[in-house]
Structure formats: structure tokens, C-alpha cells
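> coordinates only, sequence not included:
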């Protein structure tokens, strides 16, 4: 496995990656959603990023595209972190699922789907995980009001 | 059983496939589930074939709520993530904010935070081991361990004013310095810890019943553990010596001498033993820290985040305004984003913060080890007996507050 550096990542990952930078000790790659899966395959096989730490999103209602999906990876060999960011629109918040590469993607993508309504293509189990069946809306979107009431699950008698 | 078609809060991933399969529901509120979690299991006799784990029963909109409060106001809130070791959550969160503000904490604060992190790790591991031993019927071991944990809680209450939810850390420092006599009492507790943990080793390590229930139960390989995102004692029990305190030393860990204990099999017994050994390493670290604790201030001298002294607030207008601004508007954190992680007792506890500049976070996300572990826990349960769910869940140490946020 090659130890990753900013130059090496920018050079190897090619034109799919819009931007490579270093922020507080973490490599940050901004890329097209279509290039996500192939880039992650390369990161895993070539640079040894074997631990998918986290999947989340950031909602920027005034920007287009609106959502930024954020992934964090860690290499247990080189002790290096990388952050991947892909931007998707509100009309089509879809990105490829990483469950074929990382088992931990299952739950994290479910949580991200719960909270932001991001659809992970290929992950067929996007049932609510922190929320419940019948919950309407995606609470971490900025336009979801904090005081919003939901139909509660009726008491069982 | 119920009238009409009431919606069920969860939709199981599977039903019974064949006549010899039975689907049972365990939890979410069950005395043996070790936290509020629901396990739906398809059984063949007593053997667990498939498992569908549902969490979220303790979900309280933590991340949404955080977007409405100042950076400083979140400290009591992050306490309540892993409530067995609240101080580590505090320190991990404050470190993330300090990175965004580019603050370097004082040497005394760095050492004290390290000391208290290790002290909390002992309390957390004691809780985990005590509860999982009790679930196997070992009442004496439970009482021994919880007694030591209670000494630690009382001792931390003498420092912070609270037994569990401390709110002791501040952005750029700590709330207060150590009270008189605190380190002497710490010495006494560590001695008692060694006495009682020695008894636990005597009671459990070669205990036939304990070994039968834990050896080769809930086994996971190193490659699987990494694939499913396991970190902390579960990953180390498979033989992978990954520990952020060693790999990317933060606080004062680079200046300390300690080992990273690892297991061999990745089974319940190894997870028990890794935790026991980690506590010993923590005690060793605390003793080094007591000996080398530097003097000096506990908070940085930075008016952007640290409150001015009270007597100045009452006597000069600049300090009064400073105090008012910090309380009402919050510390002004420069725009940017940061992911900062510490080695919590359960694994990697990460905070992903996004700031657009100003006193309130734009986004706050917690990478909680328990939630990720719940995503892979079916690998530890499938193929074993129904009764093995209890010791395995105990050894994973799922903490609802941190898992469900």
C-alpha cells in the first residue's frame, strides 16, 4: 500500500477529483457523485483506507446543489484520514452506496437517509433506524422546523 | 393480539422462513438487553439464525438541538452521549472546537485532561465488565467492581460537583483546578482498585462457568471487524493494536509510557480481558501523570472563549461586555470544518463540526462508536445460542445515549 500524500492523491485520482486539500490534518477530496464509487475503490485498494468511519451530510439550502454528502475514511496502516465530499441536488439526492465495499456503510447510510433523505443507490435496506416507521420528513434538513409534531405511534391497549 | 392494524414502529427485515424457524422479539425494554435496544431474532431451536437490530429508542434529536445553541452551551449536552464516561465526551468536543479556533491549551490542562480521561476510562470499563458479569450471574464480582466505580464517581463529584454528568471542560481549558487533597484520595482509590480487580481476576479468569459462556462465543475476525467499522476494545480483541492514543497521540499521550493490550480470538473472553488490561494501563498512566503534573494556569488567556474573572466583570466595563458577549452570543468560532476524534472507552469518538463563523454551530455530527458497532453486531450474534446474546451484548457495551443521540 502506498502512503498517501496530497500530491500523490491529486495525481492518481485524476480528473474525477475536483479539489484535493489538507484541512486540520485530514485530506479533503471534493468530487462528482458519479465518481464516488470508483474513487473509493481506488482509495481502498491503492492507499489502504480500510475503515469507513462515518457518513453524514450537510444541508446548504441557499446553494445549488443543496446537499453535501461527507464521508470519513481511515487507514489502519498509515494512520491517515481522508474526507470525501460529493454534492447532490434536492431534486435527485442520489449517490452510489458503499455497502459492497464496507459493511459499516449499511447503518450509516440508513442514518443519513433518515436525517437528510439522501438515497443510496444499491442499498436496499434504507428502513428508518434512529427514527420510526411513519415518521414524515427528514429532521436534520434546515427547513425542518424543530417544533414540528409527528403523529405518534398509538398506544397499544 | 391487537385490534385493527396499528402501525408498528419497526418493520422487521424478515419473517419465519420455514416451519422450524421461530421469530422472537427481545427488547427494547428488557432486563437483559443492557440498554434500550430491540433485537429481532430468527431461531432454529435455540440457535440464532438471523438477527435484525433496531436502535433509536433513545433518539432525542441531539444533532438538531445542537444547531440552536452556542458552542459553549453544548458542553452539558455532549456529557450525555456516553454517560459512563462523560468527561471524555467533553474533552473530545472541546478539542474539536479548539482546533477550529486554533487554540493550544495550557500544559496543566493537557495533563489534567489526560488524567481525567484515563480515570473515566476506568469507570467506563468497570461499568461494562460489572454489568456483563452480573448478567452471567456473578453478583459478587458486580458488587466489587461497582463499589470501586462508586468511589470514582464520588471522587469526581468532589472535583466537578456531579457524579455522572460533569460539564467540567471548557473551550480553552477547564472549569476549575483540583481541590486540596484530591490527588491523595486518587492514590487511595487506585490502591483499592488494584486490590479489588485482583479479586476479580481470581474469581473470573479461570472460572469454568465464565469460560464456557464466553470462550469462542461472539467471535469476529480482524478483517471482519475492520470491514464492519469496529474500533476500540472490540477491534483490539481480534489482535489489531489500533489505538488513537498510540497512533495519533493527542493530549499528553505522546509523553506517557503505556502498552496497547490486544486479544487473540476476538471472542467475549478476549473483550473482557482486553478491558481488564486496559484499566491496568490506565492506572499506570495516571500514576505517571500525577508525578509529572505541571503547574500554571488551567485555561488559555484568550478572550474569544474564556470568561473573564468574576471580580473583573463587576469592576470594569470591558470585562462586563466580554462576559455578556460570550454568554449571549457564544464564542465566535471561525468558519471552517473539522473532524476530530479521540479514543473513547468504546472506540473512536469523532466530532464533525461545521462553522459558518459565529456563536452557534452550523452542523454538529457525532461519530459514535456504539452506533457503528450496532451496525455490525449481528456478526457476533448469528450462529450462536439465544442465551449467548446476553454476554455478547454485554461485551460490546452498547450505550444508548451515544448510539441513538
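Here it is on my side, so go on. Only a predicted model underlies this, so the values are computations on that prediction, with no experimental measurement involved.

> which residue ranges of chain A form strands?
For chain A, strands defined by DSSP state E occupy the ranges A:17-23, A:26-31, A:51-59, A:67-75, A:80-88, A:94-96, A:119-121.

> contacting residues for whichever residue of the stretch 201-350 of chain B sits closest to chain A?
As assessed by CB to the nearest CB, chain A sits closest to residue B:229 within the stretch 201-350 of chain B, at 2.8 Å. In short, each C-beta sits where N, CA and C put it, glycine included. Applying CB atoms under 8 Å, 6 or more residues apart in numbering or on different chains, we find residue B:229 in contact with A:51-53, A:102-104, A:108, B:372-373, B:375-376.

> hmm, try it at 7 Å
Counting by CB atoms under 7 Å, 6 or more residues apart in numbering or on different chains, residue B:229 touches A:51-53, A:104, B:372, B:375-376.

> repeat that for residue A:123.
A:97, A:99, A:109 are the contacts of residue A:123 under CB under 7 Å, 6+ apart.

> before we move on, what about residue B:232?
B:346-348, B:369.

> confirm that residue B:257 sits in a helix.
No. Assignment of residue B:257 by DSSP: H, G, I helix; E, B strand; the rest coil gives coil, placing it outside any helix.

> returning to that earlier point: out of the strands of chain A, which comes closest to chain B?
Of all the strands of chain A, strand A:51-59 comes closest under CB to the nearest CB, at 4.2 Å.

> name every strand pairing with the closest one and say which way it goes.
strand A:67-75 (antiparallel) (DSSP bridges).

> centre of the chain to the strand it pairs with, how far?
5 Å (CA atoms, centre = their mean, to the nearest Å).

> tell me the residues of chain A that contact chain B?
Chain A has residues A:23-24, A:26, A:50-54, A:56, A:58, A:70, A:72, A:76, A:79, A:81, A:83, A:102-104, A:106-108, A:125, A:127, A:129-134, A:139-140, A:146, A:153-154, A:156 near chain B, with proximity defined as CB under 7 Å from any CB of the partner chain.

> low pLDDT regions in chain A?
Applying pLDDT under 70 to chain A flags residues A:1-7, A:10-11, A:13-18, A:151-157.

> nearest residue to residue A:74 in space, please, no chain neighbours.
residue A:51 (4.3 Å; CB to CB, 6 or more residues apart in numbering or on different chains).

> what kind of secondary structure is residue B:178 in?
When states are read from three-state DSSP, the local structure at residue B:178 comes out as coil.

> report the contact partners of it.
residue B:159.

> follow-up on the earlier one: ok, the residue nearest to residue A:74 touching residue A:78?
No. Assessed by CB atoms under 7 Å, residue A:51 is found out of contact with residue A:78, at 11.5 Å.

> between those two, who's got more neighbours?
Neighbour count, other CB atoms under 10 Å in any protein chain shown: between residue A:51 and residue A:78, residue A:51 has more, with 26 against 15.

> from the stretch 301-405 of chain B, which residue is nearest to chain A?
Taking CB to the nearest CB, chain A has its nearest neighbour within the stretch 301-405 of chain B at residue B:375, 3.0 Å off.

> average pLDDT for the strand or helix carrying that residue?
Per DSSP states H and E, residue B:375 falls inside helix B:369-376. Taken as a whole, helix B:369-376 has an average pLDDT of 91.

> give the next helix or strand downstream of it.
Past helix B:369-376, the next helix or strand by DSSP H and E is helix B:378-381.

> in a strand, residue B:188, correct?
No. Counting by three-state DSSP, residue B:188 is not part of a strand but helix.
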